[in-house]
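Participant: For reference, the sequence and a predicted model appear below.
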Amino acid sequence: MTKYPIDKELVKLKNLHLPNNRLLVLAINAYLSKLPTKIDKDLLEYREWKLGDVTMHMFTPLSLKDEVTPCLYYLHGGGFVFKATDVQYHYEQQYALNCGCRVIGIDYGLMPKHIWPDATNDCINGYKYILENSDTLKTDPERMVIGGDSAGGLLSLESYFEIKKRCLNKPRGLMLIYPVTDNTSSTESVKRFTDTPVWDGKANILFWKQFLNGQEYVSPLRKAEDLDVDNLFVEIEEFDCLHDEGLLLYDKAKGNVSNSVLIDNLGSFHAFDANYDAAISKKTLEARCDFINKCFKRCKMRIEHIGMYVNDLESARDFFVNYLNGVSNDGYHNEKTGFRSYFISFNDGARLELMNKPELSDNEKPVNRTGYAHVAFSVGSKEAVDDLTENLKNAGYDVVSGPRTTGDGYYESSIIVIEGNQIEITV
């Protein structure tokens, strides 16, 4: 490490490396299972619970114990081999206190027993649990951030893509701390940094080989253009084999993100912040907390989804999937009330909730009436408007007007589709 000009306050960590001896890993995890041991009980409440085969935990500021708070869902690092350490628990407590939020973590499945995608599935199940139990946990589902360091950064990214796929309520932001993002190990920093502390290029190559075990895989870096989260924080370290892939992910994603933050620390390496007292660690913690607080306070007003009650739920779903390229979730059924629903998601993130329940009032829906009148779908061109309108007309749907250019400049058609409800097709 003498050939790298690392920060002087971090020198004492220079010989820290993750062991690859299986018996030693088991011994370390046996110790880590007893953590956390350093909890500031004067300021924080700690609790944990089982979710299937894994354990979840939560830090809550005592001053906010009786209030609904934002939530940071934090996914620890450790090369998918180690449990959370006192370093991660230390920072979880700092985030809870400095950001006025509950911090929830999960003890996801580790290698060698669990390879991809087991850990991602555990994390998604944990996220769903938080959403479904927000009343009990006293967390605000509209003010959530997912964060993680190293392998936890990879899980944060994979979880976000899976949240989109499943049409779950999306988090306000992603906080990625020296994240793993790509399985090719092809960047210059992976090739160059083969002897740096904690995590190096050789360990990275070995990790991916074991983690995937020959499975086909598309890494988050390859999908970065689809990372449309509202707020994105990426932190990378100068002497880290993961430096370049973190930077590449940020550069690819920032164009789709409303608020993006890049922290490119100098003189640092992977997991440098294990030295809590170093000035660079304190400065970086401040930047992380500033990002989290802005996510919780930032309220980008938008219509999240539109709901529509229908009599024939399956036919309505088929219409929006077949004609308008919507993607449906698996549906929801409340057996006590008889309520059923599907969320239909469209390419830009808009969602339509189709609903049904017993004893609906089915009044006549004249075109000229008060209330919500229609939902408009953009298809990209006049030709596409013409083609889709013709397809719907041939399928027996009533074209009310158009295609035409309106007085205020829209090229559109209006069509009566599902049970008397009107849609517009526009460019």
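Facilitator: Good, I have the coordinates.
Participant: Going by residue numbers, what spans are helices in this protein?
Facilitator: Counting by DSSP state H, residue ranges of the helices within the chain are 22-32, 86-99, 118-132, 134-137, 151-165, 188-192, 201-212, 243-253, 279-297, 313-324, 382-394.
Participant: So which of the ones you listed is nearest residue 9?
Facilitator: helix 279-297 (6.4 Å; CB to CB). From N, CA and C alone the C-beta is placed, and that goes for glycine too.
Participant: Tell me which other helices or strands that closest one touches.
Facilitator: Using 3 or more CB pairs under 8 Å, 6 or more residues apart in numbering; DSSP states H and E as the contact test, the elements touching helix 279-297 are helix 86-99, strand 139-149, strand 173-177, strand 231-239, strand 259-269.
Participant: do you know how far residue 347 is from residue 140?
Facilitator: According to CB to CB, to the nearest Å, residue 347 stands 28 Å off from residue 140.
Participant: Who has more neighbours out of the two?
Facilitator: A count of neighbours by other CB atoms under 10 Å puts residue 140 above the other of residue 347 and residue 140, at 17 against 9.
Participant: isn't the more buried one right up against residue 69?
Facilitator: Yes: distance between residue 140 and residue 69: 6.6 Å, which falls inside the contact criterion (CB atoms under 8 Å).
Participant: what's the most buried one of the helices and strands packed on helix 279-297?
Facilitator: A comparison of the helices and strands packed on helix 279-297 by mean neighbour count, using mean count of other CB atoms under 10 Å, puts strand 173-177 on top with a mean of 27.
Participant: With only the CA atoms kept, save it in CSV.
Facilitator: Output in CSV follows, covering the C-alpha atoms of strand 173-177 (Å, rounded to 0.1, in the frame of the first residue of the first chain):
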residue,chain,number,x,y,z
GLY,A,173,-33.9,7.7,-3.5
LEU,A,174,-30.9,5.3,-3.7
MET,A,175,-27.8,5.7,-1.7
LEU,A,176,-24.9,3.6,-3.1
ILE,A,177,-21.7,3.5,-1.1
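Participant: tell me the mean pLDDT over it?
Facilitator: Looking at strand 173-177 alone, the average pLDDT works out to 98.
Participant: likewise stretch 253-270?
Facilitator: When the per-residue pLDDT values of stretch 253-270 are averaged, the result is 95.
Participant: Quick one: end-to-end distance for stretch 251-270.
Facilitator: One end of stretch 251-270 sits 20 Å from the other (CA to CA, to the nearest Å).
Participant: which stretches of the stretch 201-350 of the chain have low pLDDT?
Facilitator: Filtered on pLDDT under 70, the stretch 201-350 of the chain yields the residue ranges 298-304, 348.
Participant: let's see 90
Facilitator: 256, 258, 276, 297-308, 334-337, 343, 346-350 (pLDDT under 90).
Participant: neighbours of residue 184, just the number please.
Facilitator: Here the neighbour count serves as a burial measure; for residue 184 (other CB under 10 Å) it reads 12.
Participant: Contact partners for the closest residue to it other than its chain neighbours?
Facilitator: Nearest non-adjacent residue to residue 184, counting by CB to CB, 6 or more residues apart in numbering: residue 219, 7.3 Å away. Each residue near residue 219 by CB atoms under 8 Å, 6 or more residues apart in numbering is listed here: 181-184.
Participant: Out of those residues, which comes closest to residue 407?
Facilitator: The shortest gap between residue 407 and any of the contacts of residue 219 belongs to residue 181, at 49.3 Å (CB to CB).
Participant: Please verify my assumption that that closest one contacts residue 246.
Facilitator: Yes: at 6.1 Å, residue 181 and residue 246 qualify as touching, with contact defined as CB under 8 Å.
Participant: More neighbours: which of those two?
Facilitator: More neighbours surround residue 246 than the other of residue 181 and residue 246, with 28 against 25 (other CB under 10 Å).
Participant: Against residue 378, how distant is the closest residue in space to residue 134 that isn't next to it in sequence?
Facilitator: In space, residue 134 comes closest to residue 141 once its chain neighbours are excluded; the distance is 4.7 Å by CB to CB, 6+ apart. Residue 141 sits 28 Å away from residue 378 when distances are taken as CB to CB.
Participant: same question, residue 167
Facilitator: 20 Å.
Participant: Over to residue 68?
Facilitator: According to CB to CB, residue 68 and residue 378 sit 36 Å apart.
Participant: before we move on, what about residue 79?
Facilitator: As it turns out, when the distance is counted by CB to CB, residue 79 lies 44 Å from residue 378.
Participant: Between the two, which has more neighbouring residues?
Facilitator: Comparing residue 79 with residue 378 by neighbour count (other CB under 10 Å), the higher total belongs to residue 79, at 21 against 16.
Participant: Next, the contact list for the more buried one, please.
Facilitator: Shown in contact with residue 79 (CB under 8 Å, 6+ apart): 18, 150-151, 199, 203, 207.
Participant: In JSON lines: the residues you listed, plus distance to residue 371 and neighbour count.
Facilitator: Below are the contacts of residue 79 laid out as JSON lines (distance: CB to CB, whole Å; neighbours: other CB atoms under 10 Å):
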{"residue": "18", "distance to residue 371": "61", "neighbour count": "19"}
{"residue": "150", "distance to residue 371": "51", "neighbour count": "25"}
{"residue": "151", "distance to residue 371": "50", "neighbour count": "24"}
{"residue": "199", "distance to residue 371": "58", "neighbour count": "26"}
{"residue": "203", "distance to residue 371": "61", "neighbour count": "18"}
{"residue": "207", "distance to residue 371": "56", "neighbour count": "21"}
